[in-house]
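1. With the sequence up front, the predicted model follows.
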Number of protein chains: 2
Amino acid sequence: MHINFFSMIPAQIITIGDEILIGQITDTNSAWIAVELTKMGFSVQKMTSISDTEEAIVESVNYALGQSKLVILTGGLGPTKDDITKTTLSKLFGTPLKFNPQVFEDVEAFIQQRGGAMNSLNRDQALFPVGATLLRNKQGTAPGMWFEKNGTVLVSLPGVPFEMKGLMQQEVIPKLKTTFALPYIHYQTVMVTGLGESQLALIIEDWQNQLPQGMKLAYLPSPGIVKLRLGYVAEQQEVTELLVDEQIEKLKQLIPNNIFSDTEELLEVIIGNLLKTRFKTISCAESCTGGTLAATITSVAGASTYFKGGIIAYSNEVKEKLLGVSTDSIHAYGAVSQQVVEQMAAGVKLVLKTDYAIATTGIAGPDGGTSEKPVGSVWIGVATPKMVVSKQFKFGNERKINITRTTIAALNMLRQVLNDETITN
Amino acid sequence: MHINFFSMIPAQIITIGDEILIGQITDTNSAWIAVELTKMGFSVQKMTSISDTEEAIVESVNYALGQSKLVILTGGLGPTKDDITKTTLSKLFGTPLKFNPQVFEDVEAFIQQRGGAMNSLNRDQALFPVGATLLRNKQGTAPGMWFEKNGTVLVSLPGVPFEMKGLMQQEVIPKLKTTFALPYIHYQTVMVTGLGESQLALIIEDWQNQLPQGMKLAYLPSPGIVKLRLGYVAEQQEVTELLVDEQIEKLKQLIPNNIFSDTEELLEVIIGNLLKTRFKTISCAESCTGGTLAATITSVAGASTYFKGGIIAYSNEVKEKLLGVSTDSIHAYGAVSQQVVEQMAAGVKLVLKTDYAIATTGIAGPDGGTSEKPVGSVWIGVATPKMVVSKQFKFGNERKINITRTTIAALNMLRQVLNDETITN
């Protein structure tokens, strides 16, 4: 997926620390900073994670300064001996470190407030590059630094996420808005299910090709769901939003049954709201999803208002005893069949006394597949106050992915049933 | 924090895709790959995330090839037209794309198995650089590519995490081991639960300080579990392993009840094996975990041999009706109480006719907390053929994390019960 916003201002993000390079921690700072910068109208060209050595920092910072108007650096500002970012930058920008009373005050206040005492390491933190602008840190002891060099800005922030976020919100973002002439940018995301990335790409190809200049589409696929993100940059806010909304409408007419949200709402949230507003309850009977369907429904805070519970019927014995699935049906059609899934849905709805119920049965794999029912064969059933509907699906070989896709397909089936009722009522 | 293993082979990781640069997704591939490479004896010098434009790819790849012996590239191999990695690399390595029957076969088989039909985009995926080695993708349609140029290896993999991981494990890691003269590096990981990262750090501080020269400890924390990885690089295999094992033994004496594995085995796998080898069955009754406990147990292939099913008793009505929890207990002690969790465990064991049972009840949050039972209050019960044991936990404010930590604590309680039986029998 490629977006190219000509009027956006090129930026780069560099994270410092070997804990990232050995995979000990995942860098989440870069993604958070990127969201903020993109919203403001910067275009992040590159993210780099490097070792905390002087050579690595000098090399990457010089390279980035040559390519971008803004470089945001995180990490290597702690009071420990690893702290070499500050000394390296003061050399690199040719601005020596000097004792800064403001920083000393802030560090002292921060430590005393926590009942601690200043140590030599903390005192070193009051050394600050004379040529840099101080970004005061209310969340920790290491201040941020703002350097400028021939029209390019370099901001150095601590790597601790909440310290970095605090400094971004309180100091950096406001200062960036006054320093740079930023464009207006607008994004709209729609959530698509029931179509693979390539199927979807073919269906919407013509639509994508007719998008106005400067409007860019991003595909963000995950098992069972493809996020489509439409972005546009312009001078005037109104124009942009109208143009994007127009295109989203066209897209909705193209794949009306596959778009389940244009607010990035998840299926479990959508069905939760539908049930809550109608004062209806739901339960589920799971075989192949083994609890993931219920876990997904209950991942939403407040799910207890509409979700009464579920029965995980992994063995046929449980299907028969707790859900009332007939032994004959299991013998005649097998546990993975339309007959069984419909009895599971009807059964759990009856036993748990709910208005609706979802049931899943299938072969998640890797074992248990047969020639006529290979791994990935799934039946999903939905029981409503009026009827029971069911549908067959063929997924892949990956147990984990099959469980995820079955869960998403089941929630989407319920969503469609609930929507149809709205229309018919 | 800076680590330096001199004898390790320099490597770089590049992830391609604007979805990372706009912060819509966090790059988790790089951290995963870094862990694998470091374990093998590569030293990751840099991770870079770039835009999927030809210029960006050419610039970063050339730069990385000049600095490292191995470059691993992920992303930009999907069937959609914005994925241009393959064409760019074929130009960059001067090896044209040609129709590859093996790839075509793989793509066709993959799609047909899902009941789909080949489209023109899939057909394009069969075009493959003549000079590259094919890395067959069993998890998706985009194959991996292995290029070599004056002693440097570049591997291009799809960005979808489970496809990337599959290709790394099945194709790339074995090939890297035969291609490079890697130093001997020995890692031993122990899995710790029941202690937070900082608690753990304090307890093992002295042990960590007395580790021999060149032995490095890495913390890999996740909710409920901290992985401790002890690493050593050396010439002779035996010496290294003895030295590491020695230290692991010391560590085990320090926190005997918190280490549940020294083979990176997950709790659900460990309890699964214990139950399987003893021909015992299990069921679960879940309130606050809402299905996550069962989903975790059934995430293990073959779980059906010991897991019969479960009852998600989200409402008190279901706790009473299906699990036989007494109404009086709920009124007298509340749904989150020792009395109720023990009745839930005993109840589901009886109803599902299993040898063991686990039950959870608690306040996952964000709502539902009270002064004496704040959000994060959890009771876990385990029923065995002989008795019912229960334990109270106090977790945090995050719903998702509370559910994860409850699930891990529940599985660990069962593990301890099963281990105690081995000892006492």
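-> Yep, that arrived.
2. At which residues are the strands of the stretch 251-400 of chain A located?
-> Counting by DSSP state E, counting those that start in this stretch, the stretch 251-400 of chain A has strands at residues A:259-261, A:282-286, A:307-313, A:356-362, A:377-383, A:388-394.
3. do you know which of those lies nearest B:Ser371?
-> Closest to B:Ser371 of the strands of the stretch 251-400 of chain A is strand A:307-313 (Cβ to Cβ; 26.5 Å). Backbone N, C-alpha and C define where each C-beta goes, glycine included.
4. and the closest one, is it in reach of chain B?
-> Yes. Counting by Cβ under 8 Å from any Cβ of the partner chain, contacts between strand A:307-313 and chain B involve A:Phe307, A:Lys308, A:Gly309, A:Gly310, A:Ile311, A:Ile312, A:Ala313.
5. helices or strands up against that strand?
-> strand A:282-286, helix A:292-297, helix A:316-323, helix A:338-351, strand B:307-313, helix B:316-323 (3 or more Cβ pairs under 8 Å, 6 or more residues apart in numbering or on different chains; DSSP states H and E).
6. Can you say which of the strands of the stretch 251-400 of chain A is packed in most?
-> Comparing the strands of the stretch 251-400 of chain A by mean neighbour count (mean count of other Cβ atoms under 10 Å in any protein chain shown), strand A:282-286 comes out on top with a mean of 32.
7. one step back: could the strands of the stretch 251-400 of chain A be laid out in JSON lines, adding mean pLDDT?
-> Below are the strands of the stretch 251-400 of chain A laid out as JSON lines (pLDDT from 0 to 100):
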{"stretch": "strand A:259-261", "mean pLDDT": "95"}
{"stretch": "strand A:282-286", "mean pLDDT": "98"}
{"stretch": "strand A:307-313", "mean pLDDT": "98"}
{"stretch": "strand A:356-362", "mean pLDDT": "98"}
{"stretch": "strand A:377-383", "mean pLDDT": "98"}
{"stretch": "strand A:388-394", "mean pLDDT": "96"}
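8. Just send the ones you listed back as CSV, with distance to B:Thr360 too.
-> What follows is the strands of the stretch 251-400 of chain A, written out as CSV (distance: least, Cβ to Cβ, whole Å):
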stretch, distance to B:Thr360
strand A:259-261, 31
strand A:282-286, 17
strand A:307-313, 13
strand A:356-362, 22
strand A:377-383, 27
strand A:388-394, 30
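9. Need the phi and psi values for A:Gln213.
-> phi -40, psi 130 (degrees, to the nearest 10).
10. what pLDDT does it get?
-> Looking at A:Gln213, its pLDDT reads 83.
11. repeat for A:Asn425
-> So A:Asn425 comes in at 56 (pLDDT).
12. Any idea what A:Lys216 is bridged to?
-> Per DSSP bridges, the residues bridged to A:Lys216 are A:Gly231.
13. That one: how many residues sit nearby?
-> 19 (other Cβ atoms under 10 Å in any protein chain shown).
14. surely it meets A:Val244?
-> No. Here A:Lys216 does not reach A:Val244: they are 10.6 Å apart, not a contact under Cβ atoms under 8 Å.
15. Which one of the strands of the stretch 251-400 of chain A lies nearest to A:Gln236?
-> Closest among those, using Cβ to Cβ: strand A:259-261, at 27.2 Å.
16. Name the SS class of A:Asn402, please.
-> Following DSSP: H, G, I helix; E, B strand; the rest coil, A:Asn402 is assigned to helix.
17. Next one: it from chain B, what distance?
-> Going from A:Asn402 to chain B by Cβ to the nearest Cβ, to the nearest Å gives 11 Å.
18. about what we covered before: go through the helices and strands packed on strand A:307-313 and pick out the most buried.
-> Using mean count of other Cβ under 10 Å, the stretch among the helices and strands packed on strand A:307-313 with the largest mean neighbour count is strand A:282-286, at a mean of 32.
19. Can you give the contact residues for it?
-> Strand A:282-286 is touched from outside by A:271, A:275, A:292-294, A:297, A:306-313, A:323, A:344-345, A:347-349, A:351-352, A:354-360, A:410, A:414, B:291, B:312, with contacts defined as Cβ atoms under 8 Å, 6 or more residues apart in numbering or on different chains.
20. Could you tell me the angle between it and helix A:316-323?
-> Between strand A:282-286 and helix A:316-323, the angle comes out at 160 degrees (axes from the mean of the first three to the mean of the last three Cα atoms, to 10 degrees).
21. gap between strand A:282-286 and the chain center?
-> How far strand A:282-286 lies from its chain's middle: 27 Å, per Cα atoms, centre = their mean, to the nearest Å.
22. same thing with stretch A:238-256?
-> On Cα atoms, centre = their mean, the centre of stretch A:238-256 falls 23 Å from that of its chain.
23. Please apply the same query to stretch A:150-161.
-> Using Cα atoms, centre = their mean, the offset of stretch A:150-161 from its chain centre is 25 Å.
24. pLDDT on that stretch, on average?
-> Stretch A:150-161 shows a mean pLDDT of 92.
25. separation between the closest residue to chain B within the stretch 51-200 of chain A and B:Arg136?
-> With Cβ to the nearest Cβ, the shortest gap between the stretch 51-200 of chain A and chain B falls at A:Ser198, namely 4.1 Å. In this view, A:Ser198 and B:Arg136 are 19 Å apart by Cβ to Cβ, to the nearest Å.
26. cool, and A:Gly76?
-> A:Gly76 sits 41 Å away from B:Arg136, going by Cβ to Cβ.
27. Pull out the buried positions in the strand or helix carrying A:Ile185.
-> Taking DSSP states H and E as the criterion, the element that holds A:Ile185 is strand A:184-193. Residues of strand A:184-193 classed as buried by neighbour count (16 or more other Cβ atoms under 10 Å in any protein chain shown): A:Tyr184, A:Ile185, A:His186, A:Tyr187, A:Gln188, A:Thr189, A:Val190, A:Met191, A:Val192, A:Thr193.
28. same deal with stretch A:85-96?
-> Buried, per 16+ other Cβ under 10 Å, within stretch A:85-96: A:Thr85, A:Lys86, A:Thr87, A:Thr88, A:Leu89, A:Ser90, A:Leu92, A:Phe93, A:Thr95.
29. Now do the residue nearest to the second one when sequence neighbours are not counted against B:Ile403, distance only.
-> Spelled out, it's A:Lys86. Distances taken as Cβ to Cβ, 6 or more residues apart in numbering or on different chains place A:Leu77 nearest to A:Lys86, at 6.3 Å, with adjacent residues excluded. Separation of A:Leu77 from B:Ile403 (Cβ to Cβ): 35 Å.
30. The lowest-mean-pLDDT helix or strand in chain A packs against which elements?
-> Using mean pLDDT, DSSP states H and E, helix A:120-124 stands out as the lowest-scoring helix or strand of chain A, at a mean of 75. Where contact means 3+ Cβ pairs under 8 Å, 6+ apart, helix A:120-124 is packed against helix A:101-113.
31. which residues are in contact with the helix it packs on?
-> With Cβ under 8 Å, 6+ apart as the test, helix A:101-113 has contacts from A:117-118, A:122-123, A:125-126, A:128, A:134, A:136-137, A:140-141, A:143.
32. correct me, but A:Leu275 touches A:Ile297?
-> No. Checked against Cβ under 8 Å, the pair A:Leu275 and A:Ile297 is beyond contact range at 9.7 Å.
33. A:Lys227 contacts A:Tyr187, doesn't it?
-> No. In this structure, A:Lys227 is not within contact of A:Tyr187 by Cβ under 8 Å, at 11.2 Å.
34. So A:Thr360 sits against A:Thr296, correct?
-> No. Between A:Thr360 and A:Thr296 there is no contact under Cβ under 8 Å: 11.4 Å.
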